[in-house]
Structure formats: structure tokens, C-alpha cells
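Colleague: sequence unavailable; structure follows:
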């Protein structure tokens, strides 16, 4: 399946139960599936659909507590990677997180840390944060994914 995405020809929406199988396929394709098994479901996920084909081209989860969110499992269809589409989607995140009442969104990356900087996130020193919700998540990553410790970076998007 060839997908071409011109300009902002996509729509971000809250995932529905019927989207879950397609989300799992995308997470498998992008090697993110191991991060959600056991406690994942559609309720925290957002999907990005190409307007013309109605196909899911990206998915991500936002978990939140109060007004602080954590971005997880941001996956883009393989055939669309490297074309700037992920950045276009990430550039819409401030609008999305504001609409759901968040004023801060954290992300962690070891696969593509440069991507988040290009998308407007600021690199964050793990020890410089005083947000307990983020620190709990970072501690979880440190304990459960030590193999990525050397390449891991943390990012924050403030509104």
C-alpha cells in the first residue's frame, strides 16, 4: 500500500475500540509493541489518519495525571518515515495537549532523540525535573529498559 501525505492531509483523533487491532499492527511494525503489552488499550491512544485514505498512519499514547502528560509509543508507518510527516504530526501536539487540559508533555527516546528536538521539545536533564509523575515514569524506564540507558534522552514540551 502506497501512502502519500501532502501538507497537513491528516487528522488526529482519539482512538476507538475498533482501532485497537490496527494500532497493534502499527506498533508491531515500528517495534514499539513490547512497551504496551499487558497494560495497553485504546483508551490512552490517539490515531492519525490520512484524510484521503482514512488509513491510520501514526499512533501514540498520552498518559496523564492532573495537567502533566507523558507521550508514549509514537509510531509512524514505515513507508512514511523520513519524510517529515512525524514532525508535522508532532507540531500539532501543543494544540492537542492544550485541548485536553495539559500544560506539559514529557517524552523519552532512545531510538530517535534528534526527532524530538526538531519537533519543538526541549531536552530535559532527568535530575532537573521536579514533576513526580514524570520522575516515576523515568524511573520505570531506567529499571525496565537498562539496555537503552546510554542512548536515552528525556524531553519536555511546555505550553
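Modeller: It's in. It should be emphasised that the depicted structure is a prediction, and the values quoted were computed from it without experimental measurement.
Colleague: and residue 66, how far from residue 102?
Modeller: 9 Å (Cβ to Cβ, to the nearest Å). Just so you know, the C-beta spots here come from the backbone N, C-alpha and C atoms, and that holds for glycine as well.
Colleague: the two: who's more crowded?
Modeller: Neighbours per residue (other Cβ atoms under 10 Å) separate residue 66 from residue 102, with residue 102 holding more: 21 against 11.
Colleague: so the more buried one is in contact with residue 65, correct?
Modeller: No - assessed by Cβ atoms under 8 Å, residue 102 is found out of contact with residue 65, at 9.8 Å.
Colleague: pull the helix or strand with minimum mean pLDDT from the protein.
Modeller: Every helix and strand in the chain was compared by mean pLDDT, DSSP states H and E; the lowest is helix 113-118, with a mean of 85.
Colleague: the protein: strands as residue ranges?
Modeller: Assigned by DSSP state E, the chain shows strands spanning 10-14, 45-50, 56-65, 68-76, 104-109, 122-124, 153-158.
Colleague: with respect to residue 34, which of the ones you listed lies nearest?
Modeller: When the strands of the chain are compared for distance to residue 34 using Cβ to Cβ, the nearest one is strand 68-76, at 10.1 Å.
Colleague: what is the closest one packed up against?
Modeller: helix 20-29, strand 56-65, helix 85-90, strand 104-109, helix 132-144 (3 or more Cβ pairs under 8 Å, 6 or more residues apart in numbering; DSSP states H and E).
Colleague: rerun that using 7 Å as the cut-off
Modeller: Strand 68-76 sits against helix 20-29, strand 56-65, strand 104-109, helix 132-144, with contacts defined as 3 or more Cβ pairs under 7 Å, 6 or more residues apart in numbering; DSSP states H and E.
Colleague: helix 20-29 and that strand, what's the angle between them?
Modeller: 80 degrees (axes from the mean of the first three to the mean of the last three Cα atoms, to 10 degrees).
Colleague: which residues sit in contact with the residue nearest to the spatial centre of the chain?
Modeller: The centroid of the chain falls nearest to residue 74 when counting by Cα atoms, centre = their mean (3.1 Å). Applying Cβ atoms under 7 Å, 6 or more residues apart in numbering to residue 74 gives the contacts residue 60.
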